[in-house]
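Build me a structure from this.
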Amino acid sequence: MGVIDNDLTKLDAYVKKAHEYIEVPLSRNYPVFGEDAFETGTGVHASAVIKAMRKGDDWLADRVYSGVPAGDFGLKQVIRIGHMAGRSNIIWWLEQNGYEASDELVAHLFEVAKSQRRNMTDAEVQSAVTEFQS
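Okay, here's the model as predicted:
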């Protein structure tokens, strides 16, 4: 909230390098620097973040559902597709990854996502897109 005026954008690289040197893996759910710290696959959360991003309000997008802003650490919000995803997650992911978000493809990915027990990796979503296109 502006209380600290330090540049924290290099802290992520420092934390990752420290974990590499001490040979202790950084858990995915580690606060701020874990792989999934700023990612969401929940439809309502993702929709709010996406709406702010579409309006060009990255400041708001970074604060809607995050305890601390990802941008303060040189990181960004990530929208995932999974069993709790809404269509907006899928459309956003497709657009961000250079795919046309046709109704048929979105419906296919929605069905695939609902059959998952977790958020899908980018590779898994790309595989599902390739499967649909073939």
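
For the residue nearest to the spatial centre of the chain, give me phi and psi.
When CA atoms, centre = their mean is applied to the chain, the residue found nearest the centroid is V78 (1.7 Å). Dihedral pair for V78: phi -130, psi 130, per degrees, to the nearest 10.

what does the model give the residue nearest to it when sequence neighbours are not counted for pLDDT?
By the measure of CB to CB, 6 or more residues apart in numbering, the closest residue to V78 outside its immediate chain neighbours is E39, 3.9 Å from it. Glycine gets a C-beta too; all of them are placed from N, C-alpha and C. pLDDT, E39: 92.

What distance do you get for the residue nearest to the centre of the chain to F132?
To F132, V78 is 22 Å away according to CB to CB, to the nearest Å.

now do A61
29 Å.

Name all residues that make contact with the residue nearest to the centre of the chain.
F38, E39, T40 (CB atoms under 8 Å, 6 or more residues apart in numbering).
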